[in-house]
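Asker: Below is the sequence, then the predicted model.
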Amino acid sequence: MAIETLILGAGQEVGKSCVVVNINGKRIMFDCGMHMGVLDHRRYPNFSLISPTGDFDSVLSCIIITHFHLDHLGALVYFTEVCGFRGPIYMTYPTKALAPLMLEDYRRVMSERRGEEEQFNSDHIAECMKKVIAVDLRQTIQVDGDLQIRAYYAGHVLGAAMFHAKVGDSEMVYTGDYNMTPDRHLGAAQINRLQLDLLITESTYGTTIRDSKYAREKEFLDAVHKCVSAGGKVLIPTFGLGRAQELCILLDDYWERMNLKVPIYFSAGLTKQANVYYKMLINWTSQRIKDSYPTHNAFDFKNVCKYERSVLDAPGPCVLFASPGMISGGLSLEVFKRWAPFENTLVALPGYCLPGTVGNILMSKPPKIELDPNTQIDVRCQVHQLAFSPHTDSKGIMDLIKFLSPKHVVLVHGEKPKMVSLKEKIQTTMGIPCYHPANNETVSVPSTGYVKAQASDAFMERCLKPNFKLHKCSSEELSIKTLSDKNIVPELQVINEKAALVIVEDKSKKLKVVHSDEVLVLLGEKKTED
Amino acid sequence: MQTLTSMMNEIRNPSTPKSTASSILKSLTHSLRHAPGSHPSQILKLISDLCFYHPSLAQLALDSLQSLAPQLTDPPSQLTIEYLDTLVYISGRPVELDDILFTSICLSPSFPVRLWMVRNSGYRVMVRPELLYPLLMGMTKEPYPCVREESLEALVRLGESAVFEDMSLVKGCYGCGVQLLSDNEDCVRISAVRVVALWGLMLASFNADMEAYWSNEVFAMLCSVVRDMNMKVRIEVFNGLGKLKIVSKELLMQSLSKRVLVFDQKSTTEQFVLLASNVAGALVHGVEDEFFEVRKSVCQSLRSLTILSVEFAHGALNLLMDIINDYKVDVRLEALETMHHMAINHCLELQENYMHKFLDVLEDNSSKVRYTARKIVRLVKLRDHLLFKSTIDGLLKNLDSYPQDEADIFSVLSHIGRNHKQFVDLIANEIADEVKASFEGNREFNSARMAALLVLSISAPFLNADVGPIPPVMFSFAVTFLSRIHCAFSDVMDRETLLEYLIQKSSSMVQPEININEGEGQYPLVKDDVQNVASSETVHSEININNVEGQLPLSKYNGKNVADNEMVGSEMKDPNEVGRQNKRPVHDSVVLTYINYILMKLPNIWPKVQSCSADEVLCSLRHWKKELSSLTFDSSAPADAAAFALLYLQIIKLVVEVWDHLVQNTEVVSRSVELEHKLENLDRKAKELMSHFVGFSEEEEFYILELILLTYTLRLCRAEICSRDFIFKRMTIIYLRIESLLKLRSDVASAFVVELGTLIRESSTFIGGASCSSLTFDKYLKLFSPKRFMIREAIRHRRAELSIPNNGPDYPLPFAPGLTAAIPCDITLHNISSNCRVWLRMCINDGFTQHVYLNLESFVVVSGEVRKTSYSLPYYRTPEVDSFKLKVCIGLESLFENVSPVQEHGGPKCELVLLCKEKIVYLSKVL
């Protein structure tokens, strides 16, 4: 018996997460994402590897989407509506609520702004969402007779979940993206101890160890405060969902505490829609937000003002959240063009920017940025790199692996060098075999399989009650025993006899479990037969 | 079953005789013995009930049950545990089991039976420990999670209560815990952590040589599960960490860093290398935890861990600094409590960058958090002048934003001042300048801030005789805030002692640059003043003695000298007097000194009145008034003096207000009405001053008369021409009295009196004094200045207490219209001599007034000048209404300036001065 893991995306890279796991004959697709940095056909996973004939329904039991980020969700509509998969799709309630917003936003940007050929339309999205079955945390879903899945809280973004899948005796967990430390609005990942054969975990920050989050928050707040108190403007290029809310809660709290009156603006319409959902999905947030909910909904930002285009040129300090996060276009690029030449402007960049985006170039703090041959921007503004991320750091990954103690680990969603280093660490410190397959590679690990065997009556009797033997051992015997022998007390020893079982194969080639006491009897029988 | 029911009824019936009960018991045990199949559980329950209602049968029941033991316990079943339960219940103590029975129950195939035994072993069921512990350890390998959990819990329970001499046993238990730290069930892991913490600690304490080693092991073991996904496990981990007594510094430091630390070769032990990765960042994770319960637990564990290493304490402070901004009040509080704990153990060092964060907490909106934060400030040792300054600023800001915390803030300031004399000295001049400027009215008078600064200044030389650069005048200022600030010193001295301390400090060093005659600024309480005060009463000699000896007032009450002094001081008095004096050692004299001290300040502020800075003066006056009214007294003498001083201050205050009005000279109607009201008030108060008090010395009387003249002069400035005559008439009377006093004293009159005398003489020659304009009076006003004067204990306050028993709006007195109504009164008169004419005045709303003469002869003299009586007063003119209210009060015929005799028919011949507040009597018609 084996568990086969086919990596369709996010193998030794970040983007288009898609893993197909064959576990005891059941095939599950975990995540169906797209690559945001690629525009050609490589943006989608190579689905033909699942079924060369295109008959996905018969080979895939279900699709599980861990959270609403496009690199985990983006190819779903394409796969169901264009490729024609008609099986069930599972995701948590918040993901189901927010996924259409994300997909619709992406579709609009792609077709309207970039003028690309539409891969799917709004109807496709609606159709696709009809196939989605929403699940709750820790709710056990029987997908079919053999396959059982269950979602666990993952932090990361609202509604993100780790999924546990069990077929027969084989169990595995696919983490998706997760966070092991709570942030302002989400809790840390939470999962039970399980008997896992395989853990597929993300490894975005496979080599980073982050310091206390308080210090990082303070650094960010100090930078923003310094800028606005000097009359400057703060541009926070961020995607409308997740990070924006997180930072806004942080700023809103700080504004309250320091009694600041500088306006905060949310430019994206998507954010406004998302906030409506956030306000409703309080149950999926952290203890802190839940605690304060009866008196104040943390997503009712007190200091956020209504955004109008005029604020871009209005004098005086302000804080503006504009999408997209990596300043690759849209409002954030437009605002950047206007504000970058001023020294008192602050641009707070997210931790990770794809190569080629303005955000990525800005990290090296160049004096000038050339957008195209005709447009050059003087960059005099200050740049602050946000040091917090909704992804766990390497210590978090290690801690999760240690807690779950799976038999095998597969790393996905990370850069190759980091994966290699993390893999080494896991194997040396924990002795767990670890793999980091590239895209389109398959990893096969053995799985647990239980064998049916008959049990002898004597064995059954022993099993029904605890088997202790009170064994008196002499002081001489004691002195021989090593320190590691835990259960020794003078003159008395407890032996748990449960382990005492022997498996024998009888004439009919059936397995039989007998108690060790019976072995001699059996052997005796054999001898007489001989 | 029916029989059992009827038996139950019999048992529960309290009137069932003992004989019946005992026969029931017999039949119950009989059926248990001979028909074990029929409802044994119910029978056992009935037996325990029976023993509850008839305790005398308990022993019998126990004996018969024990004889049934073999039958009920073999094989072990549900019935066995019920039987054991019953035994424990009836005997009220644990039941002891032999090895065989115990093992057979523990190894019983029935899961509930095993569970029961694990739950109760070592607690309600006793077996020898050599058997118990191995069995419990074996049970930790049970397939049922709750048996595993219970056996671990039993180990915790036993470990807490017993002492062990066998190391291998302890190691075994510890090992069980360690194994189950990775159990799949949350509840088992929680208990496992508890076992590891408890038994690990025991293991460490076994051998002094190995203690450090094992403590480190336990520390690392607990840290290794700090990332457990179950919140309760994490809480237990931190609870456990807090119990450790020794942990190596390296491991502690490692728990603050998520990265594995590299120490130099020497200090890195093999053990550290092995354990470091388990320990890495354990505390940081705890602090970052999503659940406040965990964060709270981290704070608690830090309390004991910070004591272990100074370096670690410093690092942990960084974490605590993050937690003090936690959104949850409980957590903030816990973090501050930890810091407080660190401060007590001298491992709290707040450096500048921390101090700013920390001072922000003073502005917290939870009063508990603020209080705890200040508790830390109280203890903290500030390193340099800048930190000290920012701390003081923080506290002053705190005072500004939370005035309700004043008492605590003052107390903190007093502690800081005492502990940081050198820094107070550095800013002493700065503070003194600010305080002086405020008192002199050169800046806004923020009384709370002033009080705070004064507390700080006066506390600095507290434990040190040398006042340093703190000007003595600060101590004088502080006296005026006495009632407000004395709590800040309540840990070391009471209010009176503080006052003496202040007087002593203010008088001990008169700085030459303070010019007493300038009339500006404040005078310190110079030694002469104090002696002057003291000379009026023998008891005051103590203050002098203290000054001479340079002692702190603190030690005074304890010193033998003091007692002697008191005896010397009271030698000349009669025995009764001595007894009284001894009972009130210095209290009264201190109060008197204090009152005089305030009165002496009046001349100093007068120049401000003349220079039209009335607001500041009023502020000081109000403050002094508040101080005076807050005084409490042991005896009547100082109370009388205080009443006098209070009235005196009220008059001065009114004078200042009226003066201000006149100078501003605005003819706004509302203001003139107000002025008129004030003038009337002034008039009344002046009259009260003369009639309510007796026992003035000539000097005192002179000063008072002069003040009254001043009030008349003010009145003249405003008076209509027609009323001027009348005022002049009154002034003349006063003036004549002053003249006669002057002749007696062979003293020189002040310029004010002389000039006014001339005016009065002149005015009598003009018709109606019409030529005088208010402008001319201004001239006279300018001449006046209040005198520095001391009052003595001889001043007596004439007052009355009137109460109408059993009367109120809901309990009216009965009356029949037209008939005389009786009004019962309890009257107490103070300091009214028998030759005074005292009246009871009763007014009804329509204006009709009836006077009743009170015959002082009929009063009972209680003591000295206190008379008491209970009267039923007649009220004649009861109106034809259902109910009415009567205003009753007691008045004294005032012979002072009797210019307009009242001459009412049958009533008082002179003007009545009221001795008490008007009381309202409610009357209601008899139906």
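Answerer: Nice, I can see it.
Asker: Near chain B, which residues of the stretch 301-450 of chain A are found?
Answerer: A:393, A:395, A:399, A:402, A:403, A:405, A:429 (CB under 8 Å from any CB of the partner chain). To be clear about C-beta, it is placed using only N, CA and C from the backbone, and glycine gets the same treatment.
Asker: repeat that for 10 Å
Answerer: Residues of the stretch 301-450 of chain A lying close to chain B by CB under 10 Å from any CB of the partner chain are A:393-396, A:398-400, A:402-405, A:425, A:429.
Asker: now, the most widely separated pair of these?
Answerer: A:393 and A:405 (20.0 Å; CB to CB).
Asker: And those two? Which one has more around it.
Answerer: residue A:393 (21 against 14; other CB atoms under 10 Å in any protein chain shown).
Asker: and the more buried one, how far is that from residue A:67?
Answerer: Counting by CB to CB, to the nearest Å, the gap between residue A:393 and residue A:67 amounts to 18 Å.
Asker: do the same with residue A:301
Answerer: 23 Å.
Asker: When these two are compared, which one has more neighbours?
Answerer: residue A:67 (28 against 18).
Asker: what pLDDT does that one get?
Answerer: Predicted confidence (pLDDT) for residue A:67: 95.
Asker: One more: residue A:18?
Answerer: We have a pLDDT of 95 for residue A:18.
Asker: for residue A:284, same thing?
Answerer: 92.
Asker: I figured it was touching residue A:158, is that so?
Answerer: Yes - if you go by CB atoms under 10 Å, residue A:284 and residue A:158 touch, sitting 5.5 Å apart.
Asker: which residues do the two both contact?
Answerer: By CB atoms under 10 Å, 6 or more residues apart in numbering or on different chains, residue A:284 and residue A:158 have these common neighbours: A:92, A:94, A:95, A:185, A:186, A:277, A:278.
Asker: The last one - nearest residue in space that isn't next to it in sequence?
Answerer: Distance criterion CB to CB, 6 or more residues apart in numbering or on different chains; nearest residue to residue A:278, sequence neighbours excluded, is residue A:299 at 4.5 Å.
Asker: tell me the contacts of the one you found?
Answerer: A:185, A:245, A:248-249, A:252, A:274-282, A:285, A:289, A:293.
Asker: any idea how far residue A:250 is from residue A:219?
Answerer: 12 Å.
Asker: With residue B:639 instead?
Answerer: Applying CB to CB to residue B:639 and residue A:250 gives a distance of 62 Å.
Asker: Give the buried residues for stretch B:796-815.
Answerer: Buried residues in stretch B:796-815, counted by 16 or more other CB atoms under 10 Å in any protein chain shown: B:796, B:797, B:798, B:799, B:800, B:802, B:804, B:807, B:812, B:813, B:815.
Asker: I figured the third one hits residue B:891, correct?
Answerer: No - Residue B:798 is beyond contact range of residue B:891, at 11.1 Å (criterion: CB under 10 Å).
Asker: Identify the contacts common to these two.
Answerer: Common neighbours of residue B:798 and residue B:891 (CB under 10 Å, 6+ apart) are B:691, B:838, B:913, B:915.
Asker: Now tabulate these in JSON lines and tack on pLDDT, secondary structure and neighbour count.
Answerer: Compiled in JSON lines, the shared contacts of residue B:798 and residue B:891 are given as follows (pLDDT from 0 to 100; DSSP: H, G, I helix; E, B strand; the rest coil; neighbours: other CB atoms under 10 Å in any protein chain shown):
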{"residue": "B:691", "pLDDT": "81", "secondary structure": "helix", "neighbour count": "22"}
{"residue": "B:838", "pLDDT": "87", "secondary structure": "strand", "neighbour count": "23"}
{"residue": "B:913", "pLDDT": "82", "secondary structure": "strand", "neighbour count": "17"}
{"residue": "B:915", "pLDDT": "86", "secondary structure": "coil", "neighbour count": "26"}
